[in-house]
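Chemist: Sequence first, then the predicted structure, then my questions.
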Amino acid sequence: MNILHLDCSPRGQDSESRRLSHKIVEHLRRQAPAALLVRRAIGDGGLAHIDANYALGQHSGTAEVVPRGAVATSDALIEELEKADVVVIGTPMHNLSLPSVLKAWIDHVVRARRTFRMTPEGKVGMLRDRPVFIAIASGGRFSGERARQPDFLTPYLRAILGSIGLTELHFFSVQGTGLGEAAVAEARSAADLALAAHFGN
């Protein structure tokens with residue numbers, strides 16, 4: 001089994017989404033000790049946004065694009081994704097949605113005539129489906145009875161990843177990280193229980 005672990009937090013070791021996504025990886029590796037793990041940390045903003053050459057290729061199937069810059073980066077990221085049997089994404093929720101670094105990665109891998117094709121009914125994914133585990137950390141609560149903020153992150157990820165063929169999404173979260181130590185401890189415990197229930201180990 002090949003695992004692709006995408007870490008989107010700028011907070012490094014202090015990141016709750018990083019901690020939670022690492023726990024997911026640990027569960028997966030207990031099930032498959034020989035799994036190959038590829039980690040890609042993009043939280044520092046090191047992944048550049050798409051460029052004009054890439055945008056030209058998205059716009060037209062007959063445009064002459066060169067295999068450098070964002071196109072070369074896209075090729076590498078898509079190849080990485082295609083090789084993965086399982087994808088793990090650790091991400092904070094920024095301003096009710098996804099951080100710009102995760103959007104940059106998505107813009108590279110959601111690529112016309114490469115990971116999706118256009119039809120009269122809309123986009124059709126070209127990638128094989130596989131489990132995608134998404135670990136979210138948020139300062140407020142966005143789900144459950146105590147939710148006090150909207151959630152534009154999870155529905156967006158369902159829609160955009162589904163457009164390239166990835167529909168088996170599993171969400172886990174640590175919510176309320178800005179509400180004090182007791183709230184964080186409670187959220188961590190709830191997330192650990194959810195992971196144990198899902199993986200059974």
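Modeler: It's in. On a predicted model such as this, the values are computed, not experimentally measured, just so you know.
Chemist: For V109, grab the count of nearby residues.
Modeler: By the criterion of other Cβ atoms under 10 Å, V109 has 20 neighbours. C-betas here are computed from N, CA, C, even on glycine.
Chemist: Same question for the one 4 residues further on.
Modeler: The burial metric for R113, expressed as a neighbour count using other Cβ under 10 Å, is 11.
Chemist: you'd agree it is up against T62?
Modeler: No. Taking Cβ atoms under 8 Å as the definition, R113 is not a contact partner of T62, at 10.7 Å.
Chemist: contacts for the longest helix seen in the chain?
Modeler: For the chain, the helix with the greatest residue count under DSSP state H is helix 181-199. Under the criterion Cβ atoms under 8 Å, 6 or more residues apart in numbering, residues 16, 20, 23-24, 27-28, 30-31, 170, 172-177 lie in contact with helix 181-199.
Chemist: got it, and stretch 53-66?
Modeler: By Cβ under 8 Å, 6+ apart, stretch 53-66 touches 50, 68-71, 74, 108, 111-113.
Chemist: So which bits of that stretch are buried?
Modeler: For stretch 53-66, burial by neighbour count (16 or more other Cβ atoms under 10 Å) applies to 53-54, 57-58, 65.
Chemist: and G46, how far is that from R111?
Modeler: 20 Å (Cβ to Cβ, to the nearest Å).
Chemist: any idea how far S143 is from A32?
Modeler: Taking Cβ to Cβ, one finds S143 at 29 Å from A32.
Chemist: Looking at the buried residues of stretch 53-66, which are in strands?
Modeler: Members of the buried residues of stretch 53-66 lying in strands (criterion: DSSP state E): none.
Chemist: of all these, which two lie farthest apart?
Modeler: The largest separation in those, counting by Cβ to Cβ, is between N53 and Q58 at 10.1 Å.
Chemist: Among the contacts of helix 181-199, list the two that are farthest apart in space.
Modeler: Top of the distance list for the contacts of helix 181-199 (Cβ to Cβ): Q31 and G176, 29.5 Å.
Chemist: Let's check: the centremost residue of the chain is which one?
Modeler: By Cα atoms, centre = their mean, the chain has its centre lying nearest to I89, at 3.8 Å.
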